[in-house]
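Novice: One predicted model, sequence on top.
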Amino acid sequence: MAKTKIHTRYVCQQCGRVAASYMGKCPQCGAFDSMAEEVVHDESAAKKSAVNARGLSGRSQPRPISEISGDAEERVRLPIAEFARVLGGGIVPGSIVLIGGDPGIGKSTLLLQTALEMGKTQRVLYVSGEESERQIKMRASRLDKSGKGLPQNLLLVTETNLEVIFNHVRETQPDLLIVDSIQTTYLSALDSSAGSVSQVRECSSQLRELAKSNGVTVFMIGHVTKEGAIAGPRVLEHIVDTVLYLEGDRFQAYRLLRSVKNRFGATSEVGVFEMREGGMIEVSNPSEAFLAERMINAAGSAIAVTMEGTRPILVEVQGLTSPTQFGNARRTANGADFNRLLLIVAVLTRRVGLKLAEQDVFVNVVGGIQIDEPAADLAIAAAIASSWRDAPLQANATLIGEIGLAGELRMPGQMAARLREAQKLGFKTAIVPKALRKGEEYPKGIEVVEVRSLDQALSAALKREK
C-alpha cells in the first residue's frame, strides 16, 4: 500500500499562487503578507486518477452535438421581480450563483427574503455559518409580509462542515440550497483553515458538482476584500454560473444588485432595491426614485440617461465649482469616473473657454449610483458649466453624449431606448449628438436637439425657456 507523503507549501490568499517557501510579497499579484502556510497530503496516483475520472455526474459519455437537445432551460419563477431580472428571468435549476458585497449591505437579508418567497412553493435549505438559528428566525419574522406565518418548507441549519451539509441535503432533498457564507465553510479533509484559498476553491467545486448532478440550485454568499473584489482566488468566479454584486452606500437607502457574469442571461443587468425596516423593497421605476428630490432650476444640476444592462435609468448629475483656497485646484468625483472628470474639465477649459484652472470642481451623482459609461459626459460637462456660469439648465431637458478631446460629441448606443425613458418621465427636450449615419428612429413626443460640439450643446442647454 502506497504511503501518503506530507509536505508544506505557501499559498497566496489573494490570487492562489503556490510557493515552496514563504515570501513577504506575492510575485503574481503584488500583495504583501498574503502567503499562508498549508499542509498537503500527497495521495497515490491511482487514487488521484480515480477521483479525476469521476466527472460531475459520475457517468460522462461523448455524444454528437446534433443529438443534444437545444431547448431553452426552463426557469423557476422568482416572485422578487428585480432579482429575477438580474438572474435573466428566473432561477435556473441546477445553477450555482455567487453573491458578493460589502459587510452589512444586505446580502443575507436579500437571500432570506428569497428563501421566504421560494419556501411557499419549493423546499429550501438555508445553511448559515455566521448567525444562529434564533437570529435568522427573528429576521425572518420581521421580513414576513404575508402575515400567514413562516413557510414550513424553509429549513434552517447552522453548520460550517461541508460533509455534514451534504448529509443534510441528502436527508431533506431541497430544491434550493443557500450557503451563508462560502468563506465560513470548510472540508475536514483539508488541513487549511476555513476561508483559505484551498478551502474556498474545493468547497465551491463540490457545491458545483452537487448542483449539476442533482439539479439543486445553490446560492452562495461571498465576502469581499477592501478593494471590492470577492475574497479568494478569481477561480471562484469561474466555477459558478452567475456572479452578482450588491452595491451601494451603507448610508444611502438604495442598493444595486449588479450582474457581472451570467451564463443564463445578460451581463451588466441591474436590479434596484431600497433598504427599509421591512427588508429590501423593489424599486420598479428607479428613474422616478432618483429624481424625486430634484430641485428644479438649480444651477449645477443636469439629467443624464445611463444604461444599466438593458434598462435606461435617468439620474441627476450635480456639479459645483468654487475658487480654490490652495495652490492646486481639487477635482472630486462621487459616482463618476475620476479620469473622465479630468478629461471633461480639460475640454471645458481648452475648447469652451471656461477658466477652471483656479476652481475646485466637484461632481456628484445623486442616489449613490455609479456611472461608468461615457454617455454621461455631456451631462457632467453641462452641470459644471452651469455652476461656473451660475445659470440653471432647462428643467425639462436631458443631455446624452460622449465628449471627445476636440470638443466634438459622439453618439452612444441605444439612443432610442434612452429617449423613450426620458419621454416617459415627462422630459420635453433631449440634447444629443448629431447622427452622421442612419441609425435608430427617435420616438415621437420629445424634441431632439442635435448638436455637433460641446459648445453648441451648452448654448442649447443654457437657453432660457420662453
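Specialist: Yep, it's here.
Novice: mind listing what the residue nearest to Val283 when sequence neighbours are not counted touches?
Specialist: Spatial nearest neighbour of Val283, chain neighbours left out: Val272 (4.1 Å); criterion: Cβ to Cβ, 6 or more residues apart in numbering. No exception for glycine: its C-beta is placed from N, CA and C like everyone else's. Val272 sits next to Glu82, Tyr254, Arg255, Leu256, Leu257, Glu282, Val283, Pro286, Ala289, Ile313 when contact means Cβ atoms under 8 Å, 6 or more residues apart in numbering.
Novice: if we go to 7 Å?
Specialist: Contacts of Val272 were listed using Cβ atoms under 7 Å, 6 or more residues apart in numbering, and they are Glu82, Tyr254, Leu256, Val283, Pro286.
Novice: Repeat that for Pro433.
Specialist: Shown in contact with Pro433 (Cβ under 7 Å, 6+ apart): Gly401, Leu409, Arg410, Met411, Glu450, Val451.
Novice: what's the closest of those residues to Val363?
Specialist: Ranked by distance to Val363 (Cβ to Cβ), those are led by Gly401 at 16.3 Å.
Novice: Number of residues surrounding that closest one?
Specialist: 29 (other Cβ atoms under 10 Å).
Novice: Can you classify the nearest residue in space to it that is not next to it in sequence by secondary structure?
Specialist: Nearest residue to Gly401 in three dimensions, chain neighbours excluded: Leu378, at 3.9 Å (Cβ to Cβ, 6+ apart). Secondary structure, DSSP: H, G, I helix; E, B strand; the rest coil: Leu378 is helix.
Novice: and Leu378, how many neighbours?
Specialist: Should you count by other Cβ under 10 Å, Leu378 turns out to have 30 residues around it.
Novice: Could I get the contacting residues of it?
Specialist: Listed by Cβ under 7 Å, 6+ apart, the contact partners of Leu378 are Leu399, Ile400, Gly401, Ile403, Leu409, Ala457.
Novice: hmm, 10 Å instead?
Specialist: 302, 304, 317, 344, 398-403, 409-410, 412, 431-433, 451, 454, 457-458, 461 (Cβ atoms under 10 Å, 6 or more residues apart in numbering).
Novice: one step back: the residue nearest to Val283 pairs with what?
Specialist: On the basis of DSSP bridges, Val272 is bridged to Leu256.
Novice: and it, how far is that from Tyr245?
Specialist: Distance, Val272 to Tyr245, by Cβ to Cβ, to the nearest Å: 14 Å.
Novice: wait, Val124 sits on Leu177?
Specialist: Yes - look at Val124 against Leu177 with Cβ atoms under 10 Å: they come within range, at 7.9 Å.
Novice: what sits in contact with each of these two?
Specialist: Residues touching both Val124 and Leu177 (Cβ under 10 Å, 6+ apart) are Thr217, Phe219.
Novice: Sort out which residues of stretch 133-152 are buried, please.
Specialist: By 16 or more other Cβ atoms under 10 Å, the buried positions in stretch 133-152 come out as Ile136, Arg139, Ala140, Leu143, Asp144, Leu150, Pro151.
Novice: Flag the least confident of the residues you listed.
Specialist: Least confident of the buried residues of stretch 133-152 in the model: Asp144, at 82.
Novice: need the contact list for the closest residue to Gly88 other than its chain neighbours.
Specialist: Closest residue to Gly88 apart from its sequence neighbours, by Cβ to Cβ, 6+ apart: Gly265 at 2.0 Å. By Cβ under 10 Å, 6+ apart, the contact list for Gly265 reads 75, 84-90, 92, 242, 259, 309-310.
Novice: Report the buried members of those.
Specialist: Counted by 16+ other Cβ under 10 Å, these give Arg75, Ala84, Arg85, Val86, Leu87, Gly88, Gly90, Val92, Thr242, Ser259, Gly309 as buried.
Novice: Report the distance from the strand or helix carrying the third one to the chain centre.
Specialist: Arg85 is part of helix 81-87 when elements are defined by DSSP states H and E. Using Cα atoms, centre = their mean, to the nearest Å, the mean C-alpha position of helix 81-87 is found 12 Å from that of the whole chain.
Novice: State the distance from Ala357 to Thr324.
Specialist: For Ala357, the distance to Thr324 - Cβ to Cβ - is 9 Å.
Novice: remind me, longest strand of this protein?
Specialist: strand 311-323 (DSSP state E).
Novice: Strands of the stretch 51-200 of the chain, residue ranges please.
Specialist: 96-101, 124-128, 154-158, 176-180 (DSSP state E, counting those that start in this stretch).
Novice: Now pLDDT and distance to Ser181 too, for the contacts of Pro433, in CSV please.
Specialist: Formatted as CSV, those follow (pLDDT from 0 to 100; distance: Cβ to Cβ, whole Å):
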residue, pLDDT, distance to Ser181
Gly401, 95, 42
Leu409, 95, 46
Arg410, 94, 43
Met411, 92, 44
Glu450, 93, 51
Val451, 95, 50
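Novice: Now do the helices in the stretch 101-250 of the chain.
Specialist: Using DSSP state H, counting those that start in this stretch, the helices assigned to the stretch 101-250 of the chain run over residues 107-118, 133-143, 162-172, 197-214, 235-239.
Novice: Now the weakest link among the ones you listed, please, by mean pLDDT.
Specialist: Mean pLDDT per stretch puts helix 235-239 lowest among those, at a mean of 80.
Novice: Next, report how far it is displaced from the centre of its chain.
Specialist: That offset, for helix 235-239, works out to 16 Å (Cα atoms, centre = their mean).
Novice: low pLDDT regions in this structure?
Specialist: Confidence mapping of the chain against pLDDT under 70 gives the ranges 1-7, 40-60, 70-73, 146-147, 225-235, 437-439, 463-466.
Novice: Break it down into its structural domains.
Specialist: Annotated domains of the chain cover 5-48, 74-284, 289-461 [automatic domain parsing].
Novice: mind listing what Glu130 touches?
Specialist: Counting by Cβ under 10 Å, 6+ apart, Glu130 has contacts Ser108, Ile136, Thr158, Thr160, Asp180, Ser181, Gln183, Thr184, Ile221, His223.
Novice: quick one: contacts for the third one?
Specialist: Think Thr158. So Thr158 contacts Tyr126, Val127, Ser128, Gly129, Glu130, Glu131, Ser132, Glu133, Arg134, Gln135, Ile136, Asp180 (Cβ under 10 Å, 6+ apart).
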